[in-house]
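>>> Need a 3D model of the sequence below.
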Amino acid sequence: MPNSVKYLIVAIITFIIGYLYLRTAYHASTDGYEQEVVLIVLGTIATMAVTASLINKQSEVELQKEQRVKIFDLKSDLYLDLINFIEKIITKGTIDDQDMVSLEFLTHKISIIASPEVLKEYSHLIETIKKVSLDHKITPLESDELSLQLAKLCGKIRYDLILKDTKAKEEIESLIENNIHKL
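Okay, here's the model as predicted:
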């Protein structure tokens, strides 16, 4: 049960008990002045309970927002690191053992934060990299194959980071792949 619900329940219970006590005090008093003081106290308690509940809910929403922003930043940084890594090995034209170790640790980092769709497509990219790395050289044909796999992965990454519409997702993935084929 979230903390905001617990606080709200406690506030409601406190308000009800306070109301019952003050109502008893209100009916027990005979003077109009005493009754007005009791009503002021009752109003103050109600205002404090509602304000505390609203502030607590606002704090919870702000924390969730900050977490989403941090996760987005982490994801985007790691995805860009992956794209930069692929760019580096393609422009270098070779994949050495150090690159494979770097890829291994990048894979661990990505596996922490990536969505299942990204991880599935990422495994296809890893298979392609493993196949290309057998002779430690990247031919133009292998470079195209890597770029195509990366393009497919970028479609999934885009959906993971930004887009949540499945209809547009398929169209965007198709457009990304077509752009790579044109190159």
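
>>> Mind checking the pLDDT average for the helix or strand hosting Glu60?
According to DSSP states H and E, Glu60 maps onto helix 32-92. Predicted confidence along helix 32-92 averages 86 (mean pLDDT).

>>> Quick one: list the elements packing against that helix.
Contact here means 3 or more CB pairs under 8 Å, 6 or more residues apart in numbering; DSSP states H and E; on that basis helix 32-92 packs against helix 3-28, helix 97-113, helix 140-161. Bear in mind the C-beta positions are built from the backbone N, C-alpha and C, glycine included.

>>> Please work out which of those is packed deepest.
Burial of the helices and strands packed on helix 32-92 is given as mean neighbour count (mean count of other CB atoms under 10 Å); helix 140-161 ranks first at a mean of 18.

>>> can you give me how far that one is from the chain middle?
In terms of CA atoms, centre = their mean, to the nearest Å, the centre of helix 140-161 is found 22 Å from the chain centre.

>>> Near Asn84, how many other residues are there?
10 (other CB atoms under 10 Å).

>>> Would you mind giving the orientation angle of the helix holding Glu60 with respect to helix 97-113?
160 degrees (axes from the mean of the first three to the mean of the last three CA atoms, to 10 degrees).

>>> Now do helix 32-92 against helix 140-161, angle only.
180 degrees.

>>> Helix 32-92 vs helix 3-28, what angle?
Going by the same axes, to 10 degrees, helix 32-92 makes 170 degrees with helix 3-28.

>>> how far is helix 32-92 from where the chain is centred?
For helix 32-92, the distance to the chain centre is 13 Å (CA atoms, centre = their mean).

>>> Contacts only, for the nearest residue to Met100 once chain neighbours are set aside.
Leaving aside its sequence neighbours, Met100 sits nearest to Ser133 (CB to CB, 6 or more residues apart in numbering; 6.4 Å). Ser133 makes contact with Ile95, Asp99, Met100, according to CB atoms under 8 Å, 6 or more residues apart in numbering.

>>> re the thing from before, could you dump the helices and strands packed on helix 32-92 into CSV with mean pLDDT and distance to Lys75 added?
Shown next, in CSV, are the helices and strands packed on helix 32-92 (pLDDT from 0 to 100; distance: least, CB to CB, whole Å):
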stretch, mean pLDDT, distance to Lys75
helix 3-28, 76, 27
helix 97-113, 91, 5
helix 140-161, 88, 6
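
>>> ok, and the closest non-adjacent residue to Glu145?
Thr128 (5.8 Å).

>>> Correct me if wrong: the one you found contacts Leu146.
Yes: between Thr128 and Leu146 there is a contact under CB atoms under 8 Å: 5.9 Å.

>>> Distance check, Gly155 against Val118.
Gly155 sits 10 Å away from Val118, going by CB to CB, to the nearest Å.
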